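Asker: Sequence first, then the predicted structure:
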Amino acid sequence: MDKSTLRGLFPVTKNVVYFNHAAVGPLSVRAYEAMERHARDQRDFGALHWRDWYAEYVLFRNAAAQLIGAEPGEIAILKNTSEGLSFVAEGFRWERGDNVVTTDLEFPSNSTPWRKLDRRGVETRVVRSHDGAFTVDDVEQHIDERTRIVSVSSVAFHNGFAADLDAIGALCARRGVLFCVDAIQSIGVLPMDVRRSNIAFLAADGHKWMCGAEGAAIFFVAAEHRDKLEVLENGWTNIERKGKFIDCPIDLLPDARRFEAGSLNTNGIYGLRAAIDLLLEIGINDIAEESTRIAALLAERLDAIGWQVASPRPIRSAIVGALPPSSEPSLLKWHRLLEEHGVVSAPREGMLRFAPHFYNDEQEVERVIAVLKTIV
């Protein structure tokens, strides 16, 4: 598809310059229409077509698996990233004296679950970044014979640092450590191959770069590591009921569906599956190339007007964090003034965070720069 066609699929482009995909992405026409069709069906027919809903879950798992290089049976549908990472942190069979390694660039979703393990005698070791980044060697320095899991974000939420997942995954495989990834800031905008990167567990909500609805997330558990996690939630959909509801068997389902303990966000699943299908149709490599090109152009233009770009160079993700040339106006006021001028960004960790996607274009970059110069 050409850029004008792609932009036509995202009506947000008619209203604002939307550089906030690292927070919540806008719905495409296709995602919206899929959700609207399901909502209308439930409005008009209730649950009459529940078989279609269940078929949609299967199609969703197929699409999600294709997006990250997994098998459909390794995909569970959860409500958000935090839930998936918590399932790993609390479900793993730790022993006192074990440790987990993470970094100081993590969003609370990939920090809090590990830090709370101290009550179980598990140490959380934190890799300290330098200049907003870290290397595989930094990670290795924290690993010893009691390290069980290394958990990092594929892309840092605030400055856009893209971790070398292949190198970290190879390190984990060599050291006999499981690799867990918070992938919410990369799935949908950067390629992901869970096999190539030796990833055991991955969680990613669909409302950011996949441009789906909130409340529907991908949770990947590699088949060979599935039994390493205890199932924390029990209900009626993650067991082999054998057609019964009363006094039914309680054996867990054999695949990743064992982590789905109850009714799913069916409407959100319809929207997210349509969103993923669009990504697959365009091609994730093309999406990555265009998104990082636009982000790099934005960083270059911010440099030119005196903003301090805090994202590691070269730009390898679609997130650009930058500091204004002076302390006045305040960061929050910059953010508000940008919104008043039709530019949507986000204040994060002392920076303004800009997060364009593949359908954004050079003209929008120039509009952002023009607005910033006007405010000054």
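Answerer: Received it, and whenever you're ready, just let me know what you need.
Asker: all helices for this protein, in order.
Answerer: Per DSSP state H, the chain carries helices over the ranges 3-8, 29-45, 50-68, 81-91, 112-115, 136-140, 165-175, 266-282, 284-304, 331-340, 362-375.
Asker: first to last residue in stretch 128-144, what's the distance?
Answerer: End-to-end span of stretch 128-144 (C-alpha to C-alpha, to the nearest Å): 17 Å.
Asker: what do you get for stretch 340-355?
Answerer: Distance between the two ends of stretch 340-355: 18 Å, counting by C-alpha to C-alpha.
Asker: residue farthest from the centroid of the chain?
Answerer: Ranked by distance from the centre of the chain (C-alpha atoms, centre = their mean), the top residue is residue 247, with 38.6 Å.
Asker: picking up where we left off before, could you export the helices of the chain to JSON lines, including columns for mean pLDDT?
Answerer: Compiled in JSON lines, the helices of the chain are given as follows (pLDDT from 0 to 100):
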{"stretch": "helix 3-8", "mean pLDDT": "94"}
{"stretch": "helix 29-45", "mean pLDDT": "98"}
{"stretch": "helix 50-68", "mean pLDDT": "98"}
{"stretch": "helix 81-91", "mean pLDDT": "98"}
{"stretch": "helix 112-115", "mean pLDDT": "98"}
{"stretch": "helix 136-140", "mean pLDDT": "98"}
{"stretch": "helix 165-175", "mean pLDDT": "98"}
{"stretch": "helix 266-282", "mean pLDDT": "98"}
{"stretch": "helix 284-304", "mean pLDDT": "98"}
{"stretch": "helix 331-340", "mean pLDDT": "95"}
{"stretch": "helix 362-375", "mean pLDDT": "96"}
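Asker: before we move on, the earlier item: what's the spacing between the residue farthest from the centre of the chain and residue 238?
Answerer: From residue 247 across to residue 238, the span is 17 Å (C-beta to C-beta, to the nearest Å). The C-beta positions use only the backbone N, C-alpha and C, and glycine is treated the same way.
Asker: got it, and residue 2?
Answerer: Residue 2 is 44 Å from residue 238, by C-beta to C-beta.
Asker: if you count what's nearby, which of these two comes out ahead?
Answerer: Shown here are residue 2 and residue 238; by other C-beta atoms under 10 Å, residue 238 has more neighbours (20 against 7).
Asker: and that one, what does it touch?
Answerer: For residue 238, the contacting residues are 231, 252, 253, 257, 258, 259, 260, 261, by C-beta atoms under 8 Å, 6 or more residues apart in numbering.
Asker: Beta-bridge partners for the second one, please?
Answerer: On the basis of DSSP bridges, residue 252 takes part in beta bridges with residue 239.
Asker: and the gap between it and residue 227?
Answerer: Plainly put, residue 252 is 10 Å away from residue 227 if you go by C-beta to C-beta.
Asker: Once you drop chain neighbours, what's closest to residue 130?
Answerer: residue 138 (7.9 Å; C-beta to C-beta, 6 or more residues apart in numbering).
Asker: correct me, but the one you found touches residue 125?
Answerer: No - taking contacts as C-beta atoms under 8 Å, residue 138 lies outside contact range of residue 125: 11.1 Å.
Asker: picking up where we left off before, dump the helices of the chain into a markdown table; add distance to residue 321 and mean neighbour count as well.
Answerer: Shown next, in a markdown table, are those (distance: least, C-beta to C-beta, whole Å; neighbours: other C-beta atoms under 10 Å):
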| stretch | distance to residue 321 | mean neighbour count |
| --- | --- | --- |
| helix 3-8 | 25 | 14 |
| helix 29-45 | 27 | 16 |
| helix 50-68 | 26 | 17 |
| helix 81-91 | 20 | 23 |
| helix 112-115 | 22 | 19 |
| helix 136-140 | 20 | 17 |
| helix 165-175 | 20 | 18 |
| helix 266-282 | 24 | 22 |
| helix 284-304 | 9 | 19 |
| helix 331-340 | 11 | 15 |
| helix 362-375 | 14 | 16 |
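Asker: Format these as a markdown table; extra columns: distance to residue 311.
Answerer: A markdown table is the format used below for the helices of the chain (distance: least, C-beta to C-beta, whole Å):
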| stretch | distance to residue 311 |
| --- | --- |
| helix 3-8 | 24 |
| helix 29-45 | 28 |
| helix 50-68 | 24 |
| helix 81-91 | 22 |
| helix 112-115 | 25 |
| helix 136-140 | 18 |
| helix 165-175 | 18 |
| helix 266-282 | 23 |
| helix 284-304 | 6 |
| helix 331-340 | 16 |
| helix 362-375 | 15 |
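Asker: which stretch among these comes nearest residue 17?
Answerer: Among the helices of the chain, the nearest to residue 17 by C-beta to C-beta is helix 362-375 (4.6 Å).
Asker: What helices and strands are in contact with that closest one?
Answerer: Applying 3 or more C-beta pairs under 8 Å, 6 or more residues apart in numbering; DSSP states H and E, we find helix 362-375 packed against strand 17-18, helix 284-304, helix 331-340, strand 343-344.
Asker: Now do the last one: everything it contacts.
Answerer: Outside of strand 343-344, the residues that reach it under the criterion C-beta under 8 Å, 6+ apart are 16, 17, 18, 19, 20, 338, 367, 368, 371.
Asker: Please name the residues that touch the last one.
Answerer: Residue 371 sits next to 338, 341, 342, 343 when contact means C-beta under 8 Å, 6+ apart.
Asker: tell me the phi and psi of the closest residue to the first one other than its chain neighbours?
Answerer: Leaving aside its chain neighbours, residue 338 sits nearest to residue 345 (5.8 Å; criterion: C-beta to C-beta, 6+ apart). Dihedral pair for residue 345: phi -140, psi -160, per degrees, to the nearest 10.
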